[in-house]
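> Give me coordinates for this.
(one chain, ligands or ions: 2)
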Amino acid sequence: MTDLFARTDNARRNLLPRDGIVEYYGPIFGEAEADYYLGSLQNDIAWHHDEAVILGKRITTKRQVAWYADAAYSYTYSKVTKTALHWTPLLLALKKQVEMNCGETFNSCLLNLYQDGSEGMAWHSDAEKDLVRNGTIGSVSFGAARKFAFKHKQTKATVSQVLEHGSLLTMRGTTQTHWLHSLPKSKKVSSARINLTFRKIRQPDA
Ligand SMILES: O=C(O)CCC(=O)C(=O)O
Ligand SMILES: [Fe+2]
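Ligands and ions are numbered 1, 2, ... in the order given. All right, here's what the predicted structure looks like:
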């Protein structure tokens, strides 16, 4: 009994020492279910290379992305405006699981597909003006285990966590205000990973 509680507490402790809340839940999907989601998402999602404008130049990212939501919201990220596609049944099922686990509701999801460790994501925070301020982000990962890192904007302190196949991580409260996060590239990773970040964006006229 004591052991069970100890493990639950440990799995859910805040990874950040200050100024935000990041909780790693570990795998919330069983191995077979996680394998099914990985395969289905690879095939069913409208993957495309992301466009961004950096220092006035239009570039396309190596990783592939997709964005789904409750309605055809538009969202500006790295100076390019995107329009959301409507949820698929598979994504809705996933969203429900994530909402039940973290006790929040979401209205959109940004998906990233990294073919291998040569693809990653640079330091950033998800505090775009279209997002609900200090809203929770629920991050689900399938496929290759990858290191996910946080860096405090002022102190430069870093914290990292390996995100496993079928796992959930949440970022809450002031995390985006005070911390950057990244998915470092890695020569050791040779297989694909899919990440879904469930978010709450500000609804037009809401
Ligand atoms: O792939 C990941 O785990 C991170 C994705 C991310 O930070 C984002 O989509 O904003
Ligand atoms: Fe992010």
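> Could you pick out the longest strand of the protein?
strand 57-69 (DSSP state E).
> Now that one: buried residues?
Residues Thr61, Arg63, Gln64, Val65, Ala66, Trp67, Tyr68, Ala69 are the ones in strand 57-69 that count as buried (16 or more other CB atoms under 10 Å). In short, each C-beta sits where N, CA and C put it, glycine included.
> Verify the stated contact: the second one with Gly117.
No: between Arg63 and Gly117 there is no contact, the gap being 11.5 Å when judged by CB atoms under 8 Å.
> State which one residue of this structure is found closest to ligand 1.
Asn195 (3.3 Å; CB to the nearest ligand atom).
> could you give the mean pLDDT of the longest strand of the chain?
Averaged across strand 57-69, pLDDT comes to 92.
> and that strand, what does it pack onto?
Judged by 3 or more CB pairs under 8 Å, 6 or more residues apart in numbering; DSSP states H and E, the packing partners of strand 57-69 are strand 48-54, strand 85-86, strand 108-114.
> what does the chain put close to ligand 1?
Leu110, Asn112, Met121, Asp126, Ser139, Phe148, His181, Leu183, Asn195, Thr197 (CB under 6 Å from any ligand atom).
> Kindly recompute the last result at 5 Å.
Residues of the chain lying near ligand 1 by CB under 5 Å from any ligand atom: Leu110, Asn112, Leu183, Asn195, Thr197.
> quick one: least confident of these?
Leu110 (94).
> correct me, but it touches Ile201?
No: using CB under 8 Å, Leu110 is not in contact with Ile201, being 9.8 Å away.
> who touches Lys153 in this structure?
Neighbouring residues of Lys153 by CB atoms under 8 Å, 6 or more residues apart in numbering: Ser125, His178, Trp179, Leu180.
> returning to what we had before: wait, isn't the residue of the chain closest to ligand 1 in contact with Gly138?
No: if you go by CB under 8 Å, Asn195 and Gly138 don't touch, sitting 11.1 Å apart.
> Quote the end-to-end distance of stretch 107-126.
Terminal residues of stretch 107-126 lie 15 Å apart, using CA to CA, to the nearest Å.
> buried ones in it?
Within stretch 107-126, judged by 16+ other CB under 10 Å, the buried ones are 107-117, 119-121, 125-126.
> now swap in stretch 83-101 and tell me
Those would be Ala84, Trp87, Leu91, Leu94, Lys95, Gln97, Val98, for stretch 83-101 by 16+ other CB under 10 Å.
> so is Leu92 in a helix, a strand, or just coil?
Secondary structure assignment for Leu92 (DSSP: H, G, I helix; E, B strand; the rest coil): helix.
> start at 55 instead
In the new count, where the first residue is 55, that last one comes out as Leu146.
> still on that earlier bit, now render the contacts of Lys207 as a markdown table, adding pLDDT and secondary structure.
Formatted as a markdown table, the contacts of Lys207 follow (pLDDT from 0 to 100; DSSP: H, G, I helix; E, B strand; the rest coil):
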| residue | pLDDT | secondary structure |
| --- | --- | --- |
| Ser179 | 94 | coil |
| His232 | 97 | helix |
| Trp233 | 97 | strand |
| Leu234 | 98 | strand |
